[in-house]
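Participant: Okay, here's the prediction I keep looking at, along with the sequence it came from:
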Amino acid sequence: MYEQEVEKLQKIIDDSNRIVFFGGAGVSTESNIPDFRSADGLYQQQYKYSPEQIVSHTFFVHHTEAFYEFYKEKMMFLDAKPNPAHIKLAQLEEAGKLSAVITQNIDGLHQAAGSKNVLELHGSIHRNYCRKCGKFYDAAYVKHSEGIPRCECGGIIKPDVVLYEEGLDSSVIQRSIQEISQADTLIIGGTSLVVYPAAGFIDYFRGRHLVVINKSATAREVGAELSIAAPIGEILDQILVR
Ligand code: ZN
């Protein structure tokens, strides 16, 4: 499938030495991690809140138990495995052709696939800290805790995940901009070019090849040299690392 597009992408990758990949929710859906925003109406009926409201700082503070009920079930998928997109990106980095993966996902699957330089714009479910003493806890501890996960000191544990109303980590943004500004090729996958924050980041791109691979890629992706309307894993799986 997509033979012509894959051939064009292969040429671009062969011609690149400093690729940066920017990925959105579509990268994780192929590992069967649903976008939490598509969570069914059950929770909204129960709490009268939208997924976006539940995953907000205010909700975390005032309805911590309900936050965790949603978060553990709809955002923590500890059995998920890297898919061909994660694996190919790790191989490209290993081969010295890719310098960074910038992701909006919080599942840690790029690291699980072997990627080293991963810039997590929205944090990670794998890092959790006590709000009182700062002690670190892993994802399994949070997922398997009863109700609100608590530290041994009694403090409430908070995931190192950027909630609505919270700002992105400025050092992660800085490093992302630096990587993009030094890239010769920028591949945007599993998200649209026209949606924040990808739209803001590409202003810093000065390289030769801009590629978008997204199921719902459209003709509106005008800035891209190559736009492939397909699942990212299916495309990257066919790329040769050489
Ligand atoms: Zn503590």
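Facilitator: Alright, I've got the coordinates. Numbering: from 1, shown residues only.

Participant: pLDDT averaged over stretch 83-99 - what is it?
Facilitator: pLDDT averaged over stretch 83-99 equals 98, rounded to a whole number.

Participant: got the buried residues for that stretch?
Facilitator: Residues of stretch 83-99 classed as buried by neighbour count (16 or more other C-beta atoms under 10 Å): 83-93, 97-99. C-betas here are computed from N, CA, C, even on glycine.

Participant: any idea which of those is closest to the ion?
Facilitator: For the buried residues of stretch 83-99, the residue nearest the ion by C-beta to the ion is His86; the value is 32.8 Å.

Participant: check contacts around the closest one.
Facilitator: His86 makes contact with Val27, Ser31, Leu109, His110, Ala112, Ala113, Ser115 under the criterion C-beta atoms under 8 Å, 6 or more residues apart in numbering.

Participant: Give me the phi and psi for Cys130.
Facilitator: Recorded main-chain torsions at Cys130 are phi -70, psi 130, according to degrees, to the nearest 10.

Participant: Tell me if I'm right that it and Pro149 touch.
Facilitator: No - the pair Cys130 and Pro149 fails to qualify as a contact (C-beta atoms under 8 Å) at a distance of 9.3 Å.

Participant: hey, what's in contact with both of the two?
Facilitator: By the contact definition C-beta under 8 Å, 6+ apart, Cys130 and Pro149 are jointly contacted by Tyr137, Ile156, Ile157.

Participant: Just the buried residues of these.
Facilitator: Among the shared contacts of Cys130 and Pro149, those classed as buried by neighbour count (16+ other C-beta under 10 Å) are Tyr137, Ile157.

Participant: Just name the closest of the contacts of His86 to the ion, please.
Facilitator: Nearest to the ion out of the contacts of His86 is Ala112 (C-beta to the ion; 27.3 Å).

Participant: Just give me the neighbour total for the nearest residue to the closest one once chain neighbours are set aside.
Facilitator: Closest residue in space to Ala112, ignoring its immediate chain neighbours: Pro82 at 5.1 Å, by C-beta to C-beta, 6 or more residues apart in numbering. When neighbours are defined as other C-beta atoms under 10 Å, Pro82 has 24 of them.

Participant: got a list of what Pro82 touches?
Facilitator: Pro82 sits in contact with Ser31, Ala90, Leu109, His110, Ala112, Ala113, where contact means C-beta under 8 Å, 6+ apart.

Participant: which pair in the residues you listed spans the largest distance?
Facilitator: Pairwise distances among the contacts of Pro82 were taken by C-beta to C-beta; the largest, 13.8 Å, belongs to Ser31 and Ala90.

Participant: still on that earlier bit, turn the shared contacts of Cys130 and Pro149 into TSV, including secondary structure.
Facilitator: Shown next, in TSV, are these (DSSP: H, G, I helix; E, B strand; the rest coil):
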residue	secondary structure
Tyr137	strand
Ile156	strand
Ile157	strand
